[in-house]
Each structure stands twice: as C-alpha cells, then as structure tokens.
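Student: sequence unavailable; structure follows:
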C-alpha cells in the first residue's frame, strides 16, 4: 500500500490579492490560518484556483514559501509546478523544493497537446528533478490532454509519482485506475467527491473547501467508518454551496468572494482575464453560505 504523504483534506488555495492586483501577504497568512482551523491537513499552492497562470515565477515561489512558513508542521504544502514547457516545470519544481514544499502538483501540459508518450516523458522529467512526491493533475477540460489509463499505469511505476487529483469526471476510468495502480486518488471535482471516496479515493483537493473544510473532513471520516448515510447527508447539504461557487463563473472568482463574505480576506480581486463576481452571483453565494451548518 502506498503511504500517503499529501494529507486527506486539501484545498487548492486562492492567492489573495489587493484591489490593485498585488499579492496580499497578510491575506495569505489569514487564509492559511483559516484553512488550518477548518479541518485541513494539506494546502495546495499555485494551482489553477491560485491563478498560477497569471502569477510570475517569483510571486509563485514567494507564496509557496510564505504558506510553508505560516503552516509550519500543521499541514502538508503541495506546490503546483505545472507548465506546458517541461524545462520550466522542472525549474519550478526545483525552486519549490528549495523553499520547503512537501510535495508537487503536476498538471498535464496544456495548449500544445503532447502525445501520451510525451506526457509520460514530461511527468518523469519533473518527478526526477527533486526528491518530492508528485500528485498528477488530470483535468482535460482545461488542458485538452487527459491522462489515459495506460499512461497512469506507466507513470505509477515511478517511485515518486504517488497520486492523482482527478477532475476528469469519469468514474469508470477512476475505478479502473484504482484497480490497476497503487496511485492514491483524490477528488478534484467537488460535485464528485462523495462518489470518488466511495470507490476508493483517499481524500479531496477542493475549491469549496475554502468555506466547507469541516464538512469535507466529516465526509471523509464518515466514509472511512462506513457511514454512507451520514456521508450522503453531508454531500446533500453541500450542494448549494458547491453550485454557488463552481457553477456561476469560475472557482477562483467565487471562492475569493466567499472568503470576503466570511471575513477571511479583505479583497476579492482577481487578475485579468478573470473579473470579479457580479451582484447576482454574490446574492446566490450569500444564500448558499447561509445553509452551511457550521456558519
């Protein structure tokens, strides 16, 4: 059995920003404290929800360092290092290791759409660049290139490629992957966290976890003890907030808006091409947040 070095309940953390679009270090500290106080044992930094595509390399590394320092030994820090340029991904992996990341999140290369052989070579090159464990990020809706089954089987042979963040939305493919590899499976799509846990996923890398970490922790623990009735109850209770954050526009936009509503960060600012939530989205978000039992 593969030992889990990542944690069970992780959130793909937004990068707090000031109204003028600069990274907000004070907001980052506040958000890390909030996540650690609400059931998380891991934080993913510099992922899609962290607006990695519009951060400079130095901003990304500085944020990884700051989260590492703030979290201390209270949570695993997983650094997103994905790129469609393998040399760049290797460089970012090495820099993330230098500032204290515990593990790496590696998305499939986007836009240039390599073959599956190229995808395998890319992931192996990044995994060879440091001693850190690697979580693959399978989200073909964003990247245009999925991790096919045989590719996952091949990559699972690498001693440091240990996990998958599954945002593919294909439960049959996940079932096959779990059966044919020792990879640790994590839900990367909040609406499918319960079914993925039910077929053998070990945890979640959430967006909605920004505001519902306790609920996801309770769901994971309910599945662990075989209490599917409780897990289903929690899943149903989360549906309004999952819809309010993930459906109207984009997860990073709505997660920041939700954190402002909760008083965790001061600004919902995002960088173009993202723009902040319109009033009607905020009204629906406030109504959904009010349904959470721990608020």
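Tutor: Received it, and whenever you're ready, just let me know what you need. Note that the structure is a prediction, hence the values are computed from the model and not measured.

Student: now do the helices in the stretch 1-150 of the chain.
Tutor: Read by DSSP state H, counting those that start in this stretch, the stretch 1-150 of the chain holds these helices, from start to end of the chain: 25-37, 57-71, 86-98, 116-128, 140-143, 149-155.

Student: can I get those helices in JSON lines including mean neighbour count, mean pLDDT and distance to residue 175?
Tutor: C-betas here are computed from N, CA, C, even on glycine. As requested, these are exported to JSON lines (neighbours: other C-beta atoms under 10 Å; pLDDT from 0 to 100; distance: least, C-beta to C-beta, whole Å):
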{"stretch": "helix 25-37", "mean neighbour count": "18", "mean pLDDT": "98", "distance to residue 175": "30"}
{"stretch": "helix 57-71", "mean neighbour count": "19", "mean pLDDT": "98", "distance to residue 175": "33"}
{"stretch": "helix 86-98", "mean neighbour count": "19", "mean pLDDT": "98", "distance to residue 175": "29"}
{"stretch": "helix 116-128", "mean neighbour count": "18", "mean pLDDT": "98", "distance to residue 175": "20"}
{"stretch": "helix 140-143", "mean neighbour count": "15", "mean pLDDT": "94", "distance to residue 175": "17"}
{"stretch": "helix 149-155", "mean neighbour count": "17", "mean pLDDT": "98", "distance to residue 175": "11"}
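
Student: so which of those helices is nearest residue 234?
Tutor: helix 25-37 (18.5 Å; C-beta to C-beta).

Student: elements contacting the closest one?
Tutor: helix 57-71, helix 209-224 (3 or more C-beta pairs under 8 Å, 6 or more residues apart in numbering; DSSP states H and E).

Student: for it, the distance to its chain's centre please.
Tutor: 16 Å (C-alpha atoms, centre = their mean, to the nearest Å).

Student: now do stretch 63-79
Tutor: Offset of stretch 63-79 from its chain centre (C-alpha atoms, centre = their mean): 14 Å.
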